[in-house]
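Peer 1: quick one, what's the 3D model for this:
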Amino acid sequence: MRGPRAKAGPRIVGAGDSTLIVEFEARVSPAVNARALAVARAIAAAGFAGVRDIVPTYCSVAVSFDPLRTDVTALGAALEEAAARPAPRGRRTPAPIEIPVCYGGTFGPDLPEVARRAGCPEEEVVRLHTARVYRVYMLGFVPGFAYLGRVDDRIAVPRHATPRVRVPARSVGIAGFQTGIYPTETPGGWQLIGRTPLEPFDLGRAQPCLLQAGDAVRFVPISAGEFARLSGEAAPA
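Peer 2: Numbers count the residues shown, from 1 in each chain. As a prediction, this is how the structure comes out:
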């Protein structure tokens with residue numbers, strides 16, 4: 001009789017001649033994500049010549065490099081060593097970054113539909129969305145777009161079948177178990193439930209991205225008047 005099947009360990013694969021990718025278990029998990037972030041930090045700290053970018057995702061890390069400058073053998077060995085380390089323990093959970101959000105109305109045109117799908121009042125959707133502390137799993141799509149999870153299952157609604165051509169900057173949306181903030185005006189299919197007066201991405205800051213992978217986030221509901229005060233914009237009618 002066969003015993004339980006062992007879990008596959010991390011693997012390293014090439015993507016062309018200038019990128020190596022470390023792949024962990026293909027699942028959304030804070031523990032798996034923590035391992036990916038630990039590998040990204042280790043390679044950044046190693047300071048390999050020619051490394052152009054280090055991009056952690058939910059469960060992988062992509063390292064792009066200049067093949068004419070980087071010792072690929074040494075980089076691969078460092079990735080193998082970092083990936084083989086056990087999940088990091090003892091790291092302090094960061095204090096949540098509070099993101100004020102004005103929910104519904106012009107700012108959250110999909111809030112009624114999310115409430116309908118959830119079978120609850122709009123106020124309950126807001127309560128559920130603001131009740132959790134979310135993990136920033138990764139950045140992607142456009143600069144400063146942070147993928148946060150997980151939302152309460154009751155409000156985990158699918159994307160729009162047909163994306164909007166324009167989603168206003170700083171819109172807060174839900175797509176499946178994820179929630180996030182659009183840093184700039186862009187096409188997008190997430191269900192929009194509100195808007196924040198904060199700038200998720202600002203090149204005028206020392207660190208342009210407001211949120212980083214591994215951060216903790218809590219959304220805080222605010223009124224339209226408070227939104228206007230914080231953003232300097234007129235409150236929606």
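
Peer 1: look at F201 and say how many residues are nearby.
Peer 2: F201 has 21 neighbours, counted by other Cβ atoms under 10 Å. (Each C-beta comes from the backbone N, C-alpha and C, glycine too.)

Peer 1: how about it: which residues does it bridge to?
Peer 2: Judged by DSSP bridges, the bridge partners of F201 are C209.

Peer 1: quick one, what contacts it?
Peer 2: Taking Cβ atoms under 8 Å, 6 or more residues apart in numbering, we find F201 in contact with 142-145, 183-184, 208-210.

Peer 1: and if we set it to 10 Å?
Peer 2: The contact partners of F201, taken as Cβ atoms under 10 Å, 6 or more residues apart in numbering, are 139, 142-146, 169-170, 181-184, 208-211.

Peer 1: please apply the same query to G194.
Peer 2: Shown in contact with G194 (Cβ under 10 Å, 6+ apart): 99-105, 107-111, 125-126, 129-130, 170-173, 181, 219, 221-222, 227.

Peer 1: go on, R116?
Peer 2: 122, 125, 157.

Peer 1: so it is in which element?
Peer 2: Under the criterion of DSSP states H and E, R116 resides in helix 111-118.

Peer 1: for that helix, which residues meet the burial criterion?
Peer 2: The neighbour-count check on helix 111-118 (16 or more other Cβ atoms under 10 Å) flags 111, 114-115, 117-118 as buried.

Peer 1: which other residues reach the very next helix or strand once past it?
Peer 2: Going down the chain from helix 111-118, the next helix or strand is helix 122-130, by DSSP H and E. With contacts defined as Cβ under 10 Å, 6+ apart, helix 122-130 is touched by 99, 101, 103-104, 108, 110-118, 120-121, 151-155, 157, 172, 174, 179, 193-194, 218-221.

Peer 1: quick check: angle from helix 122-130 to helix 111-118?
Peer 2: Angle between the axes of helix 122-130 and helix 111-118 is 90 degrees (criterion: axes from the mean of the first three to the mean of the last three Cα atoms, to 10 degrees).

Peer 1: how does the protein divide into domains?
Peer 2: 11-84, 97-231 (automatic domain parsing).

Peer 1: neighbours of T93, how many?
Peer 2: 10.

Peer 1: cool, and V13?
Peer 2: 11.

Peer 1: now for it: which residues touch it?
Peer 2: Here V13 is in contact with 19-23, 60, 62 (Cβ under 10 Å, 6+ apart).
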